[in-house]
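Participant: sequence and predicted structure, then a few things I'm wondering about:
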Amino acid sequence: MNCLIVDDQAVFRAVLKKLITLDPSLFLVGECTNAAEAHQIILNNDIDIIFLDIEMPRMSGIELARLLEGKNPMIIFTTSQIDYAIEAFDLNVVDFLTKPIGSVRFLKAVQKARDLIKTKKQAANEADEFVFIRDSNIIKRIKLSDILYFEAKGDYIKIFLSNTNYSIHSSLKSVEQKLPENTFFKVHRSFIVNLGKIDSIEGAH
């Protein structure tokens, strides 16, 4: 997991760098002395976890967390002031570590972040496992794993399942763009097949 240290005090940045080495899954992308600099790095890099100090000049860690609300990075606050705890958790941060930070407490916070990242990825994958189609006046949800293949028929696409089929008004190109590349493959200008449903292939090579 890519991580970023944001703290205006060199001694605490050094402590965090040492703690990060305890978990081989962590990769330190960089360290920042202020929130504004961190904001630019976060916008231009794929950051999973931010170890973020709260009391910093110009822009506080809480102000930066508000800017990042709804975005991907998991935030773990690191501060010597426990008074910020309630405000911090209102921002849905992963954890709140008070300085000095012990190794056990640090690794526990990292595990919480790891679990949250895993949960988000699973939710995203599950969301991609279904397609919604309009059948007459009814919207139906179809599992991608149940689809055998798609066939283009003029301005319509036929969706074939093992026990039924549906027709939707669409183009094969439009359908192809919405399907996961590692699961479906366009074998002909009129057909897209589910690779997981192929038992054998015949014909010229």
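Facilitator: Great, that's in hand. Just so we're clear, the structure is a prediction, and the values are computed from it rather than from any experiment. Numbering: from 1, shown residues only.

Participant: how about the helices in the chain?
Facilitator: 10-20, 35-44, 61-67, 85-89, 103-127, 172-178 (DSSP state H).

Participant: can you redo those helices as TSV with mean pLDDT and distance to residue 150?
Facilitator: Where C-beta positions appear, they are placed from N, C-alpha and C, glycine not excepted. Listed next are those as TSV, based on pLDDT from 0 to 100; distance: least, Cβ to Cβ, whole Å:
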stretch	mean pLDDT	distance to residue 150
helix 10-20	97	47
helix 35-44	92	38
helix 61-67	91	43
helix 85-89	74	47
helix 103-127	83	20
helix 172-178	84	6
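
Participant: select, out of those helices, the one closest to residue 1.
Facilitator: Distance to residue 1, taken as Cβ to Cβ, is lowest for helix 103-127 among the helices of the chain, at 6.8 Å.

Participant: buried ones in the closest one?
Facilitator: Using 16 or more other Cβ atoms under 10 Å as the test for burial, helix 103-127 gives 106, 109, 110, 113, 114, 117.

Participant: hang on, the earlier thing: now for the helices of the chain, which one comes closest to residue 140?
Facilitator: Closest of those to residue 140 is helix 172-178, at 15.5 Å (criterion: Cβ to Cβ).

Participant: give the contact list for residue 71.
Facilitator: By Cβ atoms under 8 Å, 6 or more residues apart in numbering, residue 71 lies in contact with residue 42.

Participant: now with 10 Å, please.
Facilitator: Residue 71 is in contact with 42, 43, 47, counting by Cβ atoms under 10 Å, 6 or more residues apart in numbering.
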